[in-house]
Structures are given as structure tokens and as C-alpha cells.
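*Asks:* Here is my input, please return the structure:
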Amino acid sequence: MTHSMLRTSADDALMDDLRRCLAQHNALTLAYVDEAGVGACGLWYASDDDLTCYFLSSPSTRHGRALLSGGQVAFTIHKDDQDWRTIRGVQGRGHCGPVDGAHADQAWEMYVRRFPFVAQQFPDLAAALRTARLWRIKPTWMRLIDNARGFGDKREIMLEP
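*Replies:* Modelled structure (predicted):
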């Protein structure tokens, strides 16, 4: 299914369903490409109303080095222990890179609201956070899979880059 940039009521309903789905989960799997080939990693994320996902990671990680200048990624979000009849999750593609500038403060506040322990002073966590940066995945395409609506139910949307 392909959508133009003109939003319909079905698109608005899908956006609301995607927001709810993103709010119900904590972790995403991020796929990327670097000089060694394809890689993937698991990350905790927070998302905003535009479906942009934010995560913390060090630029020294493999995915950090690969995406420091920005790059195309794919991602999935889902709960591990779902019954096949109620599987619900998201697949997406987009652009990923570090969050810089004034937007970083807003994104950090949103991330800490979602994961308050990040702001607490645990020695191991504090050391890790000194090297971590906030990153964003700005999706350009998303698919919501929802078997509760019928086996294999998929709805897709193209998002502005």
C-alpha cells in the first residue's frame, strides 16, 4: 500500500495506532550497514507524536560509528512473548543520526520521562552516560502488523522525510 503525502482519515487512524503501539513497547531492533556489512542491535527507545524514536548509545559502538554522520536504517518493534493470534508490532525504515542542538534538550527530557532510572546516579550507568549520545530515527515508512485484526493484517504509511 502506498500513500501520497496527503493524509486521509485512514492515515490519521493508522498514525494514532502506531503511536499507541510505540508507547506500549520499550525496545527496538535497529538494522544498519557499515564497512563490515549488515549489523543489528537492540535498543531502548522513546518516541514522540511524529513517530520519531530516540535512543541512547555511545558513538564508539559499531552502530554508533556507522551512523555518526547519519544513515539509512531499518527497525522493528514488538513484544517477545505474544501469542500468534495477537502479534502486534511495527516495521520501519528511516534515517538515523545523533540528536544535536536545541532539540537535544527536548529529546533528553522525553527519554528520561520514559526511563527515569537514566537520571539516577548509579555508578555504572553514570560512567556509561558520559560517553553516550542521544540518537534519533526519523521514519520514512512504517508498517503496523496486528493479528488481532485478522491474521497477517498489515497497514502501511509513507512519512515525510
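*Asks:* roughly how far apart are residue 86 and residue 44?
*Replies:* As judged by C-beta to C-beta, to the nearest Å, residue 86 and residue 44 stand 23 Å apart. To be clear about C-beta, it is placed using only N, CA and C from the backbone, and glycine gets the same treatment.
*Asks:* So for the two, which residue has more residues nearby?
*Replies:* residue 44 (16 against 11; other C-beta atoms under 10 Å).
*Asks:* give the contact list for the residue nearest to the spatial centre of the chain.
*Replies:* Against the mean C-alpha coordinate of the chain, by C-alpha atoms, centre = their mean, the closest residue is residue 53 at 3.7 Å. The contact partners of residue 53, taken as C-beta atoms under 8 Å, 6 or more residues apart in numbering, are 22, 28, 45-47, 75, 136-137, 139.
*Asks:* Now stretch 55-62: buried residues?
*Replies:* 55-57 (16 or more other C-beta atoms under 10 Å).
*Asks:* Backbone torsions only: list them for the nearest residue to residue 131 once chain neighbours are set aside.
*Replies:* With C-beta to C-beta, 6 or more residues apart in numbering as the criterion, residue 131 has its nearest non-adjacent residue at 4.6 Å, and that residue is residue 58. Main-chain dihedrals, residue 58, degrees, to the nearest 10: phi -80, psi 140.
*Asks:* so who does residue 58 touch?
*Replies:* 64, 128, 131-133.
*Asks:* need these in TSV with distance to residue 115, secondary structure and neighbour count, can you?
*Replies:* Shown next, in TSV, are the contacts of residue 58 (distance: C-beta to C-beta, whole Å; DSSP: H, G, I helix; E, B strand; the rest coil; neighbours: other C-beta atoms under 10 Å):
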residue	distance to residue 115	secondary structure	neighbour count
64	19	helix	18
128	13	helix	14
131	17	helix	12
132	12	coil	18
133	15	strand	17
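*Asks:* Do a quick rundown of the helices in the protein.
*Replies:* Shown for the chain, the helices assigned by DSSP state H span residues 9-24, 62-67, 103-114, 123-131.
*Asks:* Which pLDDT value belongs to residue 119?
*Replies:* Note on residue 119: pLDDT of 80.
*Asks:* shouldn't it be in contact with residue 113?
*Replies:* No: with contacts counted by C-beta atoms under 8 Å, residue 119 stays clear of residue 113, the gap being 9.6 Å.
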